[in-house]
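**Q** Show me how the following folds:
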Amino acid sequence: MSSHSSEILHGLIGAPKIQIVSSSGIMLRDAQGRDIIDASGGAAVACLGHSHPKVIEAISKQLESVSYIHGLTFSTEVLEQLAQHLSDHAPDPLNHSLFVSGGSEAVESAIKLARQFHIEANEPQRHHVIARRQSYHGNTFGALSASGHRARRELYEPMLLPFSHVDPCFFYRYGLPGESAEEYALRAANSLETEILSRGPEHVAAFLAETVVGATLGAATAEAGYFRRIREICDQYGVLLILDEVMSGLGRTGYHHAFEAEGIVPDMVTLAKGLAGGYQPIGAVLVADRIFDALDQGSRFFQHALTYSGHPVAAAAALSVQKTIVEEGLLDNVTQMGNRLKRGLTERLGEHAYVADIRGRGLLQAIEIVADRSSKQPFDPDQRIYERIRVAALENDLMVYPSPGCADGVRGDHVLLAPPYNVTAPEIDLILEKVTEAIDLGLRL
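**A** Next up, the predicted model:
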């Protein structure tokens, strides 16, 4: 028997990790008995917090009946109930569900489904996918090819698929002097039309975008009118619109779907983090009628399969989480606590010498840190401000989700907050106190 020590290959190799031994609500407890406030739900995942009794009970009951089935041959009642629940809470025509194991798989599945749709619709020449710079859609090859995250792409660039990328909608960084938010939104959206025309509309299959950009830009919402113009462009040129709501969907912004705030409906939407709140790995793609009908009236087979698609225990967790969100009226709490969080951040950090912008929607909020407020000049990336704040937060018993590169893909530091939908006002106030202290401490290290 080997006597070598075993290291889990995830993140920084050799770096010590905090071992968590229990969790409840918004709190994590480590092996030394220290309680840590999980103010980001991990990576904006734990939408009901930790150890919710309803979800634990649902998982346990499902394990007693059916623990796994092969999704190409069998179904389960819980999976069909989950599909019906998602359909009931999505606008027409998003009436069909495809279940996978996570966000990257959801994005890959949507891209492949877009390709097959065009083949079924007798347009086999449509294969090209357009996404946006300063975006992130996942770490598998297809999802990473779609991502416009420079740092995460760099190592694998020679191996990635030839997707193209257009401007993000990020007025704070890319608006021109004297340009109104409305004018900027139109200019940013029209970059998609320019790219479609340059590629040849007959070759473009889909446009993929995060409704609210997550870790790459730090909870950046689009300016009013942007997505309405995007929808018009996609319709004009026969391009499918896929919205990535892996982070922002299913209640995180105070809406069942983040796109509801934009006044549009996509052809597909990808979901994951808030679907089962981290209690089980699961993702989904909600699919419009016309896409489903094209396959149903054509080959009657989606040329794509994954081993754990429709996993019954994951479905049970997701159904319990989604029912709890509705039954406990948590969307209202997301809006109320989101307003409290943003107001508190503005009061405490709005005039901070190194805080440039506070942005977000609902319980997805971010703080951008800069070296100079007036010029929006970021810190030198070598200073790793985002990491210093993460360490300072942990020393102050707080878990946040900081990232680099929000200014241009390399420079720019921000801190993301994404507490659970059932967070309370006293917990929000404690998060505000501790994140303010962590930012000050991180900038002094």
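
**Q** Can you dump the C-alpha atoms of the helix or strand of the chain with the lowest mean pLDDT in PDB for me?
**A** Every helix and strand of the chain was ranked by mean pLDDT, DSSP states H and E. The lowest is helix 150-154, at a mean of 90. Extracted C-alpha coordinates of helix 150-154, given in PDB (Å, rounded to 0.1, in the frame of the first residue of the first chain):
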ATOM      1  CA  ARG A 150      -8.600  36.300 -21.100                       C
ATOM      2  CA  ALA A 151      -6.900  34.800 -18.100                       C
ATOM      3  CA  ARG A 152      -8.900  31.600 -18.100                       C
ATOM      4  CA  ARG A 153      -8.500  31.200 -21.900                       C
ATOM      5  CA  GLU A 154      -4.800  31.900 -22.200                       C
END
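
**Q** Give me the buried stretch members for stretch 360-374, please.
**A** For stretch 360-374, burial by neighbour count (16 or more other Cβ atoms under 10 Å) applies to 360-371. For glycine as for every other residue, the C-beta is placed from the backbone atoms N, C-alpha and C.

**Q** in its sheet, what does the very next helix or strand once past the least confident helix or strand of the chain sit against?
**A** Helices and strands here follow DSSP states H and E; after helix 150-154, the next one along the chain is strand 164-166. As defined by DSSP bridges, the strand partners of strand 164-166 come to strand 128-132 (parallel).

**Q** can you give me the helices for the stretch 51-200 of the chain?
**A** If you assign secondary structure with DSSP state H, counting those that start in this stretch, the helices in the stretch 51-200 of the chain sit at 53-65, 77-88, 103-120, 141-146, 150-154, 171-174, 181-199.

**Q** Tell me what angle the helix or strand just after the longest one forms with helix 103-120.
**A** So that's helix 181-199. Sequence order places strand 204-210 as the next helix or strand after helix 181-199, per DSSP H and E. Taking axes from the mean of the first three to the mean of the last three Cα atoms, to 10 degrees, one finds strand 204-210 and helix 103-120 inclined to each other by 160 degrees.

**Q** Direction included, what does the helix or strand following strand 204-210 pair up with?
**A** Following strand 204-210 in sequence order, the next helix or strand is strand 212-213 (DSSP H and E). Using DSSP bridges, the neighbouring strands of strand 212-213 in the sheet come out as strand 220-221 (antiparallel).

**Q** what mean pLDDT does the strand it pairs with have?
**A** Here the mean pLDDT over strand 220-221 is 97, rounded to a whole number.

**Q** and what of stretch 35-46?
**A** Stretch 35-46 comes out with an average pLDDT of 97.

**Q** next one: it to chain centre, how far?
**A** How far stretch 35-46 lies from its chain's middle: 15 Å, per Cα atoms, centre = their mean, to the nearest Å.

**Q** Any chance you could list what contacts it?
**A** Around stretch 35-46, the neighbours that count as contacts under Cβ atoms under 8 Å, 6 or more residues apart in numbering are 18, 23, 26-30, 47, 49-50, 214-215, 247, 252, 273-274, 277-278, 364, 394, 397-401, 416-420, 427, 430-431, 434-435.

**Q** 7 Å - rerun?
**A** With Cβ atoms under 7 Å, 6 or more residues apart in numbering as the test, stretch 35-46 has contacts from 26-30, 47, 214, 247, 252, 273, 277-278, 364, 397-401, 416-420, 430-431, 434-435.

**Q** Need the buried ones from the residues you listed selected in PyMOL.
**A** Command for PyMOL, covering only those of those found buried under the criterion 16+ other Cβ under 10 Å:
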select buried, resi 26+27+28+47+214+247+252+273+277+278+364+397+398+399+400+401+416+417+418+419+420+430+431+434+435
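
**Q** Break the protein into its domains for me.
**A** Split into domains by automatic domain parsing, the chain comes to 20-52+329-442, 55-327.

**Q** picking up where we left off before, and the least confident helix or strand of the chain, what does it pack onto?
**A** Of the remaining helices and strands, none touches helix 150-154 by 3 or more Cβ pairs under 7 Å, 6 or more residues apart in numbering; DSSP states H and E.
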